[in-house]
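**Student:** Return a 3D structure for these sequence lines:
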Amino acid sequence: MNQHLSLNSVEDFFALYLVKKAPYTIPLHAREKIVAIVPWIDLILIIVFLPVLVALLGLNFVFYSSVWPIMGAHAYGWGLSTIISFVPFVLEVFAIYGLFKRKKYAWKLMMYASLLIIIENILFFSIGGILGGVIGLYILFQIKEYYK
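**Tutor:** Predicted structure coming up:
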């Protein structure tokens, strides 16, 4: 049997364990409130983290231009973290309009951003980040049906 990993199979896996087999389902009225506030929370986080991200990219440039010749390959971790953090941010920026319109593509962009954040936390051994990412995915899959 030829099985391959696709984004649809990953989505189906999480839908199975975070919705169908989940021991607890978020009540309907709570899910409706979550769907209403998610775009606003995302917009606020984008506004708050934009200056942080710009500063981080500037520090990254300074770091690599001054420390790279000394540290060599040991400097990769910080650059990798910056890149992995930047991609979910961009995905969330692209999702913001669709979140307000409850579009499926926006939900998928948020799922991809969440998965990348979890991968980053796994790579850097952040147990709290992994746990927070899984909780975020749980909430995201609980409200999936509201996005068409």
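**Student:** give me the number of residues near Ala113?
**Tutor:** By other C-beta atoms under 10 Å, 22 other residues sit near Ala113. All C-beta spots, glycine's among them, are computed from the backbone N, C-alpha and C.
**Student:** Could you look up the SS state of it?
**Tutor:** Recorded secondary structure, Ala113: helix (DSSP: H, G, I helix; E, B strand; the rest coil).
**Student:** Could you check how far the closest residue to it other than its chain neighbours is from Val52?
**Tutor:** Spatially, and ignoring its direct neighbours in sequence, Ala113 is nearest to Pro88 (3.7 Å; C-beta to C-beta, 6 or more residues apart in numbering). Going from Pro88 to Val52 by C-beta to C-beta, to the nearest Å gives 13 Å.
**Student:** more crowded one of these two?
**Tutor:** The neighbour count for Pro88 versus Val52, taken as other C-beta under 10 Å, is higher for Pro88 (20 against 11).
**Student:** Tell me which helix or strand the more buried one sits in.
**Tutor:** helix 76-101 (DSSP states H and E).
**Student:** which residues sit in contact with the residue nearest to Ala113?
**Tutor:** Under the criterion of C-beta atoms under 8 Å, 6 or more residues apart in numbering, the neighbours of Pro88 are 112-114, 116-117.
**Student:** So Val52, which state does it fall into?
**Tutor:** helix.
**Student:** Against Ile130, how distant is it?
**Tutor:** Applying C-beta to C-beta to Val52 and Ile130 gives a distance of 21 Å.
**Student:** Just give the closest residue to Leu91, not the sequence neighbours.
**Tutor:** Per C-beta to C-beta, 6+ apart, closest to Leu91 is Ala113, 4.1 Å.
**Student:** Could you tell me how far that neighbour is located from Leu131?
**Tutor:** Relative to Leu131, and taking C-beta to C-beta, Ala113 is found at 17 Å.
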